[in-house]
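K.L.:
Okay, here's the prediction I keep looking at, along with the sequence it came from:
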Amino acid sequence: MIEDELIKIWQSSSNQECIKFEKSKLMIELQSSLKRLDKWWNYIELSETVLAIFGVLLSTFLLFKIPFILTKIALALMIICAVYLIIKYRGVKKFQPSDLENNYLNYLKKNREYLQAQKKFLKTYFYWGILPVYPIMLLFTISVWEKVPIHLIALINLATIGIGIYGYFLNKKRVKREITPRISGINELINQLEK
């Protein structure tokens with residue numbers, strides 16, 4: 001009888017220790033993964049912001065140099081679009097949790113909210129990254145139709161369409177490979193911690 005009780009105690013304690021070890025291992029892996037993702041996101045945000053600022057500066061310069069009215073309108077719209085992009089990227093940052101959360105469970109929940117904001121942002125790329133740009137591109141094409149060689153217009157339009165399609169599929173891939181697995185990991189860890 002004592003032997004059976006000792007076996008039960010040993011089995012139950014090893015189970016709890018095993019669960020604690022698994023939780024700790026999951027926490028460490030998830031924290032490392034979230035730090036890598038945060039560095040990746042900061043890099044993307046920085047590069048997109050630098051490109052948008054470059055676009056604003058170039059468009060502003062061209063706005064004063066090119067005499068055609070439709071081109072000026074297209075360039076002004078491009079400036080507005082670039083500023084909107086910068087604001088949109090900065091808007092995702094407000095969901096980023098601080099490292100000084102009062103407990104780990106709240107930190108995980110805020111990280112999940114931050115990742116869901118990133119996921120939504122990248123999934124809606126079509127609406128903020130493609131849809132505003134193509135009408136501007138069409139306006140620009142109409143404004144320079146008779147003034148620039150047709151092959152140059154075709155090249156610029158194909159490049160813009162190609163970049164838009166590439167960005168759309170790249171963002172879908174990022175969501176699938178980078179963000180969704182981390183959200184699942186956070187959900188799994190939250191479920192284990194709430195038990």
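P.N.:
Nice, I can see it.
K.L.:
Now stretch 28-44: buried residues?
P.N.:
30, 34, 37, 41 (16 or more other Cβ atoms under 10 Å). For every residue, glycine as well, the C-beta is placed using N, CA and C.
K.L.:
Contacts only, for the residue nearest the centre of the chain.
P.N.:
Per Cα atoms, centre = their mean, the C-alpha nearest to the average position across the chain is that of Q118, at 4.4 Å. Shown in contact with Q118 (Cβ atoms under 8 Å, 6 or more residues apart in numbering): 41, 92, 95, 179.
K.L.:
Could you report the pLDDT at it?
P.N.:
Per-residue pLDDT puts Q118 at 91.
K.L.:
which element follows the helix or strand where it lies toward the C-terminus?
P.N.:
Element membership of Q118, judged by DSSP states H and E, is helix 104-123. The element immediately downstream of helix 104-123 (helix or strand, assigned by DSSP H and E) is helix 125.
K.L.:
What average pLDDT does that following helix get?
P.N.:
On average, helix 125 scores 90.
K.L.:
quick one: contacts of that helix?
P.N.:
Under Cβ under 8 Å, 6+ apart, the answer for helix 125 is 167-168, 171.
K.L.:
sorry, back to before: next one: the helix holding Q118 to chain centre, how far?
P.N.:
Chain-centre distance of helix 104-123: 11 Å, with Cα atoms, centre = their mean, to the nearest Å.
K.L.:
got the buried residues for it?
P.N.:
Buried, per 16+ other Cβ under 10 Å, within helix 104-123: 107-108, 110-112, 114-115, 117-119, 121-122.
K.L.:
How many residues are close by the residue nearest to A82 when sequence neighbours are not counted?
P.N.:
Leaving aside its sequence neighbours, A82 sits nearest to A52 (Cβ to Cβ, 6 or more residues apart in numbering; 4.1 Å). Using other Cβ atoms under 10 Å, A52 has 20 other residues around it.
K.L.:
Please identify which of the buried residues of stretch 28-44 is nearest to F64.
P.N.:
W41 (35.3 Å; Cβ to Cβ).
K.L.:
ok, the closest one - contacts?
P.N.:
W41 neighbours (Cβ under 8 Å, 6+ apart): 92, 118.
K.L.:
ok, then the element right after the host helix or strand of V56?
P.N.:
Here V56, judged by DSSP H and E, is contained in helix 2-65. Scanning forward in sequence from helix 2-65 by DSSP H and E, the next helix or strand is helix 69-93.
K.L.:
before we move on, the earlier item: so which of the contacts of helix 125 sit within helices?
P.N.:
167-168, 171 (DSSP state H).
K.L.:
Quick check: the gap between I28 and I150.
P.N.:
Distance, I28 to I150, using Cβ to Cβ, to the nearest Å: 59 Å.
K.L.:
swap in F68?
P.N.:
For F68, the distance to I150 - Cβ to Cβ - is 17 Å.
K.L.:
How about W40, nearest residue that isn't a chain neighbour?
P.N.:
The shortest distance from W40 to any residue other than its chain neighbours is 7.0 Å, reached at E178 (Cβ to Cβ, 6+ apart).
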